[in-house]
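K.L.:
got a sequence here, can you build the structure:
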Amino acid sequence: MAGRSSRSGGNSNERIQLLVDQKLGEGLQYEALQLYRGVVSRKSARGNDSAALTIAEQGIGVLLAHGYADSATELGNVLVGILNDHELPVTEERLELIKRVNAKYEDAKRAAVLAEEDRRTAAQEGQGGAGEMEEGKEAGRGMYSVGVLQGRFLKLAVAWTAARGQRLSGDPGLCGLLGRCLWNEGDLERGTRYLVLGERPQELCDLILQDVSDANARELAVAKGVLQFASKASLRDANALLAAYKTQMDSKQPTKGVLGFCAMLLKTCEYDATPVFQKLLDAYQADLSKDDALLGSVESIAMTYFNLRLRPPSMLDNIMGMLGGMPK
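P.N.:
Predicted coordinates:
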């Protein structure tokens, strides 16, 4: 009986795949998505979450391989929905599932880049007309959307790990993947935030050196990362980022400006030297006022290490405090 059941399940999956291939061959991405969605929902409703997640993963890969990132992401929403709705705990196996799906998005982005390069080469060699050039523009927009959709999928996955895992900020590994994705899409602020949550000081340093060419902007980006690491009570990663940057820049000179503030601040935090911290704030006020994000991190550091509130509580802070100390 078990053998027949297994063969029946295999045959059913093969039939579904044949139907999906047929729909995709006709360019009917929505119909293919609905086929996958129906099978996944039925498996999940019968309590077979493992099979449902496996089929969803396969479907996402197939849809991405055919260039249908929007439909793939809808199926990704179904996948994460199963994890959330059934209150499935975070396990290494499920984290690996999310990482495999993320790898499929990376493959899709690389394929889109290669396709765009081929179109441009053909156009330059006179093999394509205006129509192919327009297709190239569409492909470029599609390539960008793959990254955006990848970020949305990862954000949902991180939220699941925050709700069902051990860390309120989510799994560090997935946070790191989301951070790199956001950074590559040009969102350096949020990219930095998630790379910090992902505990990736060296990777953040490499990305800053790779993508931020202006010296002042580069130092500001490093300072933001250092202060964010420190505000998360990770002096180890904060020091690692600052040291990695100085090593890469081959800098043997005393650190000045906002990075000088960061270097002295980290030592001050290690020794719980509140008076020194207050003097640092006065001495580097002009450097810190260059960016609101710096001030925000410094305020968090003041509370975390020195139990200091740098400005009076707002009305919102007071209301949230009366409601039971909800997180700010």
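
K.L.:
so what's the residue count around the closest residue to A233 other than its chain neighbours?
P.N.:
The shortest distance from A233 to any non-neighbouring residue, by Cβ to Cβ, 6 or more residues apart in numbering, is to T304 (5.8 Å). (Each C-beta comes from the backbone N, C-alpha and C, glycine too.) When neighbours are counted by other Cβ atoms under 10 Å, T304 registers 14.

K.L.:
so where's the stretch 101-250 of the chain uncertain?
P.N.:
127-144 (pLDDT under 70).

K.L.:
and if we set it to 80?
P.N.:
125-144, 250 (pLDDT under 80).

K.L.:
show me where it has its helices.
P.N.:
With helices called from DSSP state H, counting those that start in this stretch, the stretch 101-250 of the chain shows them at 130-164, 172-184, 188-197, 201-211, 215-231, 235-248.

K.L.:
and Y194, how close does it get to D118?
P.N.:
33 Å (Cβ to Cβ, to the nearest Å).

K.L.:
swap in S41?
P.N.:
38 Å.

K.L.:
same question for A56.
P.N.:
In terms of Cβ to Cβ, A56 sits 31 Å off from D118.

K.L.:
of those two, who's got more company?
P.N.:
A56 (27 against 13).

K.L.:
so which helix or strand takes in the more buried one?
P.N.:
helix 49-65 (DSSP states H and E).

K.L.:
in that helix, what counts as buried?
P.N.:
In terms of neighbour count (16 or more other Cβ atoms under 10 Å), helix 49-65 has its buried residues at 49, 51-64.

K.L.:
any idea how far it is from the middle of the chain?
P.N.:
With Cα atoms, centre = their mean, to the nearest Å as the basis, helix 49-65 stands 21 Å off its chain's centre.

K.L.:
helices or strands next to that helix in the packing?
P.N.:
helix 2-25, helix 29-45, helix 69-85, helix 92-124 (3 or more Cβ pairs under 8 Å, 6 or more residues apart in numbering; DSSP states H and E).

K.L.:
number of nearby residues for S231?
P.N.:
20.

K.L.:
let me know the helix or strand that the residue lying closest to it once chain neighbours are set aside is in.
P.N.:
Closest residue in space to S231, ignoring its immediate chain neighbours: S300 at 3.9 Å, by Cβ to Cβ, 6+ apart. Using DSSP H and E, S300 maps to helix 292-306.

K.L.:
tell me what angle that helix forms with helix 188-197.
P.N.:
20 degrees (axes from the mean of the first three to the mean of the last three Cα atoms, to 10 degrees).

K.L.:
quick one: which of the helices of the stretch 101-250 of the chain is nearest G296?
P.N.:
Closest to G296 of the helices of the stretch 101-250 of the chain, according to Cβ to Cβ: helix 215-231, at 8.3 Å.

K.L.:
tell me which residues in that closest one are buried?
P.N.:
Buried residues in helix 215-231, counting neighbours by 16+ other Cβ under 10 Å, are found at 218-231.

K.L.:
which residues sit against it?
P.N.:
188, 192-193, 195-196, 201, 204-205, 208-209, 212, 235, 237-238, 241-242, 245, 257-259, 261-262, 265-266, 269, 290-291, 293-294, 297-298, 300-301, 304 (Cβ atoms under 8 Å, 6 or more residues apart in numbering).
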